[in-house]
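> Following is a predicted model, sequence given first.
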Amino acid sequence: MPRALITGITGQDGLYLAELLNSKGYEVFGLIRGQNNPKFALVQETIPGITLLTGDLTDVSSLVRVLSIAQPDEVYNLGAISFVAYSWENASLTTDVTGKGVLNMLEATRLYAAGDVSKVRFYQASSSEMFGKVQQVPQREETLLWPRSPYGVAKVFGHYMTINYRESYGMHASSGILFNHESPRRGPEFVTRKISQAVARIKLGLQDEIVLGNLDAKRDWGFAGDYVEAMWLMLQQPEADDYVISTGETHSIEDLLEAAFDAAEIADWRKYVRQDPRFMRPAEVDLLIGDSAKAERVLGWKPKVSFKELVAMMVESDLAEQSAR
Ligand code: NDP
Ligand code: GDR
């Protein structure tokens, strides 16, 4: 039975990945932080048979301990402070967790391998946010990185550190440059879920407006369930490498609003939307659109869920959740 350790197990991707690995017969271990994490019970209920081990990406000794207990064949480093807007207000903490946390995890994994690097494979959750002020359209593996937030800068550090461990120590360390991916499990602070929740509440008469920031930004949005499959595929390859994972389509926040209000059969979305500078960012990433040709060619990976299907899935799920309250 293969063994996997996932950091960020309580997050959106952690849960989908754990479900996928469970279905493939893995024994799954999750790193969970804090002395009384409120999501502990949710993870245990969602992923039967999972073993949760306490630790924190900023504490190398906890990572060494967790690896020695889990004895994984595969390590998926998904843990991070992942909310871009928050990263300006907590830049140093974001650097420690999202940036240096990757180095801590790589080093703990190298120590665990104890000279036999073939013992374990490593996945790093890199991000399209590293492209920032984009230097090429669409963005590919070799596109110059130009991060535009403390989060983006921290991800660039983690990305190059992963490549560095591969090149310096021969570790099977791969980095997935994932574009935005969403689901009904997305945190409510991110724009897709903020909108799907608000639309559901407006439909049910529980709320009458939604307050947002920049409506012109464009993102390449896919479904998280499809994207965790790509993570797993990367670790099944004979050689470690870096891959862009995206849909190849881009949509503005306005397109997203239109699709979400359409899914709830509410006409004229503009009536319900107000903009507030509070939600504007000090620097914006205006346009993201990825080219996943390499992932398709090497991994045989392609996204399955379309933008419209994704938005409808999220609105329907929030309608059911809000109605049940
Ligand atoms: P989430 O924000 O949903 O989950 C983040 C996870 O990291 C949570 O489990 C959180 O735990 C954990 N975490 C935070 N701080 C620490 C810490 N100090 N030590 C250990 N764990 C910690 O993110 P997603 O699931 O959406 O994303 C997974 C990864 O992929 C992240 O690294 C993200 O930056 C990256 N990514 C995500 C994309 C997306 O569109 N979703 C796109 C590209 C990259 P807790 O619940 O305790 O806070
Ligand atoms: P992003 O996702 O920053 O791309 O990072 P988010 O959903 O937060 O923002 C997307 C775009 O929407 C605009 N926006 C708003 N965003 C939020 N959150 N709230 C608002 O009210 C709002 N109004 C407009 C933003 O300005 C932005 O342009 C996500 C995270 O999952 C990262 O961890 C990941 O690395 C990247 O995707 C790829």
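It's in. Numbers count the residues shown, from 1 in each chain. Ligands and ions are numbered 1, 2, ... in the order given.

> Can you tell me, leaving aside adjacent residues, what's nearest to the closest residue to ligand 1 within the stretch 1-150 of the chain?
Closest contact between the stretch 1-150 of the chain and ligand 1, by Cβ to the nearest ligand atom, is at G11 (2.1 Å). Placement of C-beta: from N, CA and C, glycine included. In space, and not counting its chain neighbours, G11 is closest to L78: 6.2 Å by Cβ to Cβ, 6 or more residues apart in numbering.

> Would you confirm that the one you found contacts T10?
No. Counting by Cβ atoms under 8 Å, L78 sits too far from T10 to count as a contact (9.9 Å).

> Common neighbours of those two, please.
Listed as contacting both L78 and T10 by Cβ atoms under 8 Å, 6 or more residues apart in numbering is no residue at all.

> isn't S183 right next to Q12, touching?
Yes. Here S183 reaches Q12: they are 6.0 Å apart, a contact under Cβ under 8 Å.

> Please identify every residue contacting each of these two.
Common neighbours of S183 and Q12 (criterion: Cβ under 8 Å, 6+ apart): A224.

> Going along the chain, name the helices of the chain.
Assigned by DSSP state H, the chain shows helices spanning 12-23, 40-46, 60-70, 84-89, 91-94, 101-113, 150-169, 191-203, 224-235, 253-263, 293-294, 307-323.

> Can you give me the buried ones in the fifth one?
Think helix 91-94. Residues T94 are the ones in helix 91-94 that count as buried (16 or more other Cβ atoms under 10 Å).

> The chain should start at 10 in everything you say after this.
In the new numbering, first residue 10, that becomes helix 100-103.

> what is the rounded mean pLDDT of it?
Helix 100-103 carries an average pLDDT of 98.

> Go ahead and name everything in contact with it.
I90, Y95, S96, P159, Y160, A163.

> same check, this time on the last one
When contacts are taken as Cβ under 8 Å, 6+ apart, the neighbours of helix 316-332 outside the stretch itself are 191-193, 195, 201-202, 205-206, 208-210, 212-213, 215, 230-232, 256, 258, 260, 264-265, 268-269, 272-273, 314.

> and with 6 Å instead?
193, 205-206, 208-210, 213, 230, 232, 260, 268-269, 272-273 (Cβ atoms under 6 Å, 6 or more residues apart in numbering).

> Closest to ligand 1 out of those?
W230 (8.2 Å).

> Spatially, and excluding backbone neighbours, which residue is closest to that closest one.
Nearest non-adjacent residue to W230, counting by Cβ to Cβ, 6+ apart: N189, 5.0 Å away.

> Now for I56: which residues touch it?
Residues in contact with I56 (Cβ under 6 Å, 6+ apart) are A27.

> same thing but 8 Å
Taking Cβ under 8 Å, 6+ apart, we find I56 in contact with L24, A27, E28, N31, V37, G39.

> Would you mind giving the residues you listed as TSV with pLDDT and neighbour count added?
Shown next, in TSV, are those (pLDDT from 0 to 100; neighbours: other Cβ atoms under 10 Å):
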residue	pLDDT	neighbour count
L24	98	24
A27	98	24
E28	98	16
N31	98	17
V37	98	28
G39	98	29
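
> Near ligand 1, list only the ones from those.
When Cβ under 6 Å from any ligand atom is applied, no member of the contacts of I56 is adjacent to ligand 1.

> Q80: which of these is nearest?
Q80 has its nearest neighbour among these in V37, at 12.7 Å by Cβ to Cβ.
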